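**Q** just the structure for this:
(chains A and B)
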Amino acid sequence: MKRYLTHPWLTIRVQLALGAIFVIAAIPKIADPPSFAHMIYNYRLVPASLINISALVMPWVELLAGLALILGVWKVAARNIAGILLAIFIIAISINLARDNAIDCGCFNVADRGKTHEQRIFDMKVDVVRDLGMLLMVAQLWWARKNEEREA
Amino acid sequence: MRRLTISMKRNTIFQAAAIVAAGIILALVANAFASRDRKVSLAGTYPNALKVPAREVPVAPAPAPPPITQTVMTTTQPATITVPPTATTATKVTQPTATAAIETVGLNPKAKTPAAPAPTTAPAPPPATREFAVHPDKPYVEIAFNDAKTLHDRNVLFLDARRTSVYEQGHIPGARTYSVWESDIDDNVQKLFAERSDTSAQALPIVIYCSGGDCEDSHMLAQKLWGIQFNNVYVYKDGFPDWQQHGAPVHTGANP
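**A** Next up is the predicted model:
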């Protein structure tokens, strides 16, 4: 089982998929920073003075980490950044789920879609599950790397 | 072997820092060259950034016309705007912390009294509710369609707090675009202050709207205006979708 889960065939595909997801997620945010700033504001977790700078910088870091994973350059650093970002997203969405603050995740789309409270809460739960899945992809990369180092 | 591991860890930390640093540089450069409506100011001023909004529970339709409620909210953080030194009345104005109630104005003046009996016959289209007097103790008063229409008919200034791209797709005729999320919002507010620098002009009504529902952009803009002594600001709470639903005129394009 371990052999299959850490096999280079799987690892390279997980790395490419994770990179592609990060690049795809970053593009709409880079294209429209004011809307992404609005999304961050809606989380009610970031101090006012940091909202705009987060909205500007985070998508570019996402993009660069995604590109690094796709190109296989600095992949350990990129994997770690991806993992940290995913952990931040999961915690932020979970806190808002716990306090019943229904928000649009802003993960892949920064447009306000005019959803109801219930639709948003449901989507937030789906987002947490999806991000946990992506965190498992990061874990696979970490495990495969660890295995590779041990065998070397 | 251990030395190699430490070296690799250091290398990874350096690479991660390089990715973040490159991200910061690219973000700043991209923002510097972004178009007006895609640019953000580096440090925004957003009141209630850490305050979770109270959930508005939709009310089920009652058989009789429901009494218009007066909702009471409190605001804790007034917006502050630095007024340019050319302005004659003030250099920096900060209103005191708002603890005053924000009034929601109803369509029917009788219904402002909670105990008022519900009318038994179909009501005629309600008239203008009141004279829209200044209210320096609160940043804004929420109004509904009829009040917004009355003020529009009186050529009162309307400000559209939605994004410029949305404004261009359709807005209330005469409304100016004042998106709170775009970088030029403080400049626009200061221009408005320059236009209306004397006290009598600041007492003229201003109506702000956004997308209705849980949209807060109009409230945020109202707080900014209140912060520089505009004391007769109205928030059309149900916003542009409600305006369209009532079949009121709509203007498209970049011009008011």
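**Q** what's near enough to touch the nearest residue to residue B:183 once chain neighbours are set aside?
**A** Spatially, and ignoring its direct neighbours in sequence, residue B:183 is nearest to residue B:39 (4.0 Å; C-beta to C-beta, 6 or more residues apart in numbering or on different chains). To be clear about C-beta, it is placed using only N, CA and C from the backbone, and glycine gets the same treatment. By C-beta atoms under 8 Å, 6 or more residues apart in numbering or on different chains, the contact set of residue B:39 is A:33, A:34, B:31, B:182, B:183, B:184.
**Q** in CSV, list those along with secondary structure.
**A** Formatted as CSV, those follow (DSSP: H, G, I helix; E, B strand; the rest coil):
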residue, secondary structure
A:33, helix
A:34, helix
B:31, helix
B:182, coil
B:183, coil
B:184, coil
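**Q** need the longest helix for chain A.
**A** Assignment by DSSP state H gives helix A:117-151 as the longest helix of chain A.
**Q** pull out the buried positions in that one.
**A** A:120-121, A:123-124, A:127-128, A:130-131, A:134-135, A:137-138, A:140-141, A:144, A:147 (16 or more other C-beta atoms under 10 Å in any protein chain shown).
**Q** what helix or strand is the residue nearest the centre of chain A on?
**A** With distances taken as C-alpha atoms, centre = their mean, the residue of chain A nearest its centroid is residue A:86 (4.1 Å). Assigned by DSSP states H and E, residue A:86 belongs to helix A:75-98.
**Q** contacts for that helix next, please.
**A** In contact with helix A:75-98 (C-beta under 8 Å, 6+ apart) are residues A:15, A:18-19, A:22, A:43-45, A:58, A:61-62, A:64-66, A:68-69, A:102-103, A:105, A:107, A:121, A:124-125, A:127-128, A:131-132, A:134-135, A:138, A:141-142, A:145, B:8, B:12-13, B:15-16, B:18-20.
**Q** now do it: distance to the chain's middle.
**A** Per C-alpha atoms, centre = their mean, to the nearest Å, the displacement of helix A:75-98 from the mean C-alpha position of its chain is 6 Å.
**Q** and if you look at stretch A:88-99?
**A** On C-alpha atoms, centre = their mean, the centre of stretch A:88-99 falls 13 Å from the chain's centre.
**Q** and it, what's its mean pLDDT?
**A** Across stretch A:88-99, pLDDT averages out at 97.
**Q** restrict that stretch to CA atoms and write it as CSV.
**A** Taking Å, rounded to 0.1, in the frame of the first residue of the first chain, the C-alpha atoms of stretch A:88-99 are listed here in CSV:
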residue,chain,number,x,y,z
ILE,A,88,-5.2,28.9,6.7
PHE,A,89,-8.2,28.6,4.4
ILE,A,90,-9.6,25.6,6.3
ILE,A,91,-9.3,27.3,9.7
ALA,A,92,-10.8,30.6,8.4
ILE,A,93,-13.8,28.9,6.8
SER,A,94,-14.3,26.6,9.9
ILE,A,95,-14.3,29.6,12.2
ASN,A,96,-17.0,31.3,10.2
LEU,A,97,-19.0,28.1,10.0
ALA,A,98,-18.8,27.8,13.8
ARG,A,99,-20.1,31.4,14.2
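**Q** so which bits of that stretch are buried?
**A** For stretch A:88-99, burial by neighbour count (16+ other C-beta under 10 Å) applies to A:89, A:90, A:92, A:93, A:96, A:97.
**Q** and the first one, how close does it get to residue A:135?
**A** Residue A:89 is 9 Å from residue A:135, where distance means C-beta to C-beta, to the nearest Å.
**Q** repeat for the last one
**A** Using C-beta to C-beta, residue A:97 is found at 17 Å from residue A:135.
**Q** what's in contact with stretch B:244-256?
**A** By C-beta under 8 Å, 6+ apart, stretch B:244-256 touches B:145, B:149, B:152, B:164, B:167-177, B:243.
**Q** what do you get if the cut-off is 10 Å, keeping everything else the same?
**A** B:145-146, B:148-149, B:152, B:157-158, B:160, B:164-165, B:167-177, B:212, B:238, B:240, B:242-243 (C-beta atoms under 10 Å, 6 or more residues apart in numbering or on different chains).
**Q** mind giving me the domain ranges of chain B?
**A** With domains defined by automatic domain parsing, chain B comprises B:2-34, B:65-245.
**Q** can you flag the weakest of these by average pLDDT?
**A** Looking at the domains of chain B, the weakest mean confidence is domain B:65-245, a mean of 75.
**Q** separation between residue A:104 and chain B?
**A** Computed as C-beta to the nearest C-beta, to the nearest Å, the residue A:104 to chain B distance reads 11 Å.
**Q** same check, this time on residue A:57
**A** Counting by C-beta to the nearest C-beta, the gap from residue A:57 to chain B is 5 Å.
**Q** how many residues are close by that residue?
**A** Using other C-beta atoms under 10 Å in any protein chain shown, the number of residues around residue A:57 comes to 20.
**Q** and whichever strand or helix holds it, what other elements does it pack with?
**A** Here residue A:57 sits within helix A:48-71, counting by DSSP H and E. In terms of contacts (3 or more C-beta pairs under 10 Å, 6 or more residues apart in numbering or on different chains; DSSP states H and E), helix A:48-71 is packed against helix A:8-31, helix A:33-43, helix A:75-98, helix A:117-151, helix B:2-32.
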